[in-house]
Every structure is written in C-alpha cells, then in structure tokens.
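Engineer: quick one: sequence plus predicted model below, questions after.
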Amino acid sequence: MIQEIMFKGKRADNGEWVYGRPFKINESDRHFISPIGSNIYNSSDNEQFIIKFHGMFISIEAIEVVPKTVGQFTGLTDNNGIKIYEGDILATEKRDVMFIIIWDRFSCGFKFKDNFDGCLLNIDLKALRKIEVIGNVHDNPELLENGDNNES
C-alpha cells in the first residue's frame with residue numbers, strides 16, 4: 001500500500017488552507033507549500049522557484065504558508081471519511097472526549113493527545129470509526145480552552 005504524503009498549511013497572505021508538498025528556503029523563515037492536484041497551479045498569487053533535482057532544473061510554483069500551521073496528513077480518515085492531519089481536533093460522538101493529533105518524535109509516529117490531561121495514546125483504528133474531526137488547533141483554539149469540549 002502506498003502512503004499518500006500530503007501536508008496542509010495556512011496561506012500567509014489570506015489564511016486559507018493550501019494542500020501539497022512543503023519546503024523551506026535555506027536560511028530563511030519562509031515556508032511554502034507546492035500545491036498538487038488542484039487548480040491553484042499557474043496562479044498569479046504563487047511564487048515561482050527553480051530547483052535542481054537529480055541534476056535537472058525544474059520550475060515549481062508554491063504558496064507561502066505560516067510555518068506553525070503546517071501539518072502532515074496521517075494517512076487516516078475519521079468516521080465521515082475526512083482526512084486527519086496533524087493539529088486536528090477529534091471528538092467522540094457525544095463530545096465527551098477530545099483528542100489532538102500530534103507527531104510524537106520519540107515513537108516516530110502520530111498519537112492522540114488527550115485534551116484533559118495531555119496523555120499521549122496510540123491511535124486506535126477501531127476508535128476512528130467513532131471519532132470525527134471537529135476542527136483544528138489553528139482555526140478552533142476555543143475548543144481546547146479549560147478542557148471544555150461542549151459545543152456551544
């Protein structure tokens with residue numbers, strides 16, 4: 001099975017989400033995502049880069065993103081078929097338990113981070129059938145305040 005490697009990040013100019021392959025310019029704080037499989041190509045908003053790849057020069061288009069918003073696709077979907085990315089907030093059907101998806105560098109894998117006590121849990125594929133993406137830490141920080149996970 002081939003793992004789809006995809007990232008998302010919020011555009012630096014307007015805050016919209018863009019999906020594709022990330023890269024960073026050397027010795028710069030600027031981060032970019034080169035969109036794939038979308039109609040964003042050849043947009044006047046995109047920056048053009050010439051890169052050297054295996055001895056060949058290639059022109060790519062990319063969009064500057066806010067570095068802290070860049071998150072990788074986990075390869076998993078929730079019970080509604082929504083792709084789950086690092087930084088997404090997931091909840092059970094009753095909203096009684098919420099998790100944040102994080103990358104755990106010690107285990108080199110994605111984990112559920114319990115919103116109440118910060119406990120890291122392995123992602124349970126059976127649990128994903130009963131969990132849905134309800135937001136993310138960048139667009140919905142209010143979901144994380146004081147461990148309050150009630151919809152209001």
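Structural biologist: Perfect, I can see it now. Numbering: from 1, shown residues only.

Engineer: low-confidence stretches in this protein?
Structural biologist: Along the chain, segments meeting pLDDT under 70 span 1-3, 37-53, 146-152.

Engineer: and it, what are its domain boundaries?
Structural biologist: 7-68, 74-147 (automatic domain parsing).

Engineer: got these as TSV, with mean neighbour count columns?
Structural biologist: Bear in mind the C-beta positions are built from the backbone N, C-alpha and C, glycine included. Shown next, in TSV, are the domains of the chain (neighbours: other Cβ atoms under 10 Å):
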stretch	mean neighbour count
domain 7-68	14
domain 74-147	15
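
Engineer: where do the strands sit along this protein?
Structural biologist: All strands of the chain, identified by DSSP state E, fall at 7-10, 17-24, 31-35, 47-53, 56-65, 71-77, 83-85, 88-92, 98-104, 109-114, 120-122, 131-136.

Engineer: can I get these in JSON lines including distance to residue 144?
Structural biologist: Output for the strands of the chain, formatted as JSON lines (distance: least, Cβ to Cβ, whole Å):
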{"stretch": "strand 7-10", "distance to residue 144": "17"}
{"stretch": "strand 17-24", "distance to residue 144": "19"}
{"stretch": "strand 31-35", "distance to residue 144": "23"}
{"stretch": "strand 47-53", "distance to residue 144": "33"}
{"stretch": "strand 56-65", "distance to residue 144": "22"}
{"stretch": "strand 71-77", "distance to residue 144": "15"}
{"stretch": "strand 83-85", "distance to residue 144": "16"}
{"stretch": "strand 88-92", "distance to residue 144": "7"}
{"stretch": "strand 98-104", "distance to residue 144": "7"}
{"stretch": "strand 109-114", "distance to residue 144": "10"}
{"stretch": "strand 120-122", "distance to residue 144": "16"}
{"stretch": "strand 131-136", "distance to residue 144": "9"}
